[in-house]
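# Next one to model:
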Amino acid sequence: MLVAMSVFGWLAWSSHAEPGVGRVAGARPTNIATSVIPDEQYESLAAFEAPVYAPVPRAPQSFQTAMARYMKADYAGAASALRAVSDAQPHFVPAQFYLGISLLLAGDRIAGIQELRELTMAGDTPYLERARFYLAKGLLAEHDIHRAQQQLEDLIEQHGDLEKQATVLLAQIGPS
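Have a look, this model is predicted:
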């Protein structure tokens, strides 16, 4: 019984050490940077318009159907359809990227963050830079400044099209 109580106590204590994706409940991540940004500013820093969809050559019909919903701003419907595409073709990167975006825009931030994080960890793809940028936006919406800063710093190191936007956003949330 003492061992069980010790394990439970350790799990309860360690679950507060790493809040963020995957948490069931708990306080927002706390660090020095969070006290600098007022709560109402998080939403404006995290806000974004849906990235424009450029048709993907030889994309499956199910993906094209999902993207028709995405282009009509039906992000919940697009997310559902893109989830089916992603499950059927797990290595089809465009589906994973737009699924992450759709989930963020539909209000399911944790799932959107997870999709985009998986995409950034998959390595060098044509969607890596944009995935990092929108992952940072999702993390900001969750008040996770430290991880958002890391994504922005990684994005800046890529020296791509979003470098200037990432630099401006990083300056707004402060140095890590």
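# Please name every helix or strand in contact with the particular helix or strand that has Gln150 in it.
Taking DSSP states H and E as the definition, Gln150 sits inside helix 145-158. Counting contacts by 3 or more CB pairs under 8 Å, 6 or more residues apart in numbering; DSSP states H and E, helix 145-158 packs against helix 128-141, helix 163-173. C-beta coordinates here come from the backbone N, C-alpha and C atoms, glycine included.
# and the angle from the first one to helix 163-173?
In other words, helix 128-141. Angle, helix 128-141 to helix 163-173, by axes from the mean of the first three to the mean of the last three CA atoms, to 10 degrees: 20 degrees.
# Measure how far helix 128-141 is from the centre of its chain, please.
5 Å (CA atoms, centre = their mean, to the nearest Å).
# mean confidence score for that helix?
Averaging pLDDT along helix 128-141 gives 96.
# what's the answer for stretch 38-48, then?
The average of the pLDDT scores along stretch 38-48 is 86.
# got any ranges where the protein has weak pLDDT?
The chain contains residues with pLDDT under 70 at 1-36, 175-176.
# thinking again about what came up before, so which of the helices and strands packed on helix 145-158 comes closest to Gln149?
Closest approach to Gln149 among these (CB to CB): helix 163-173, 6.4 Å.
# number of nearby residues for Gln41?
13 (other CB atoms under 10 Å).
# And the contacts of the host helix or strand of it?
Using DSSP H and E, Gln41 maps to helix 39-46. Helix 39-46 is contacted from outside by Ile37, Lys137, Gly138, Leu140, Ala141, His143, Leu169, Gln172, Ile173, using CB atoms under 8 Å, 6 or more residues apart in numbering.
# Now list the buried members of the residues you listed.
The neighbour count (16 or more other CB atoms under 10 Å) marks Ile37, Lys137, Gly138, Leu140, Ala141, His143, Leu169, Ile173 as buried among the contacts of helix 39-46.
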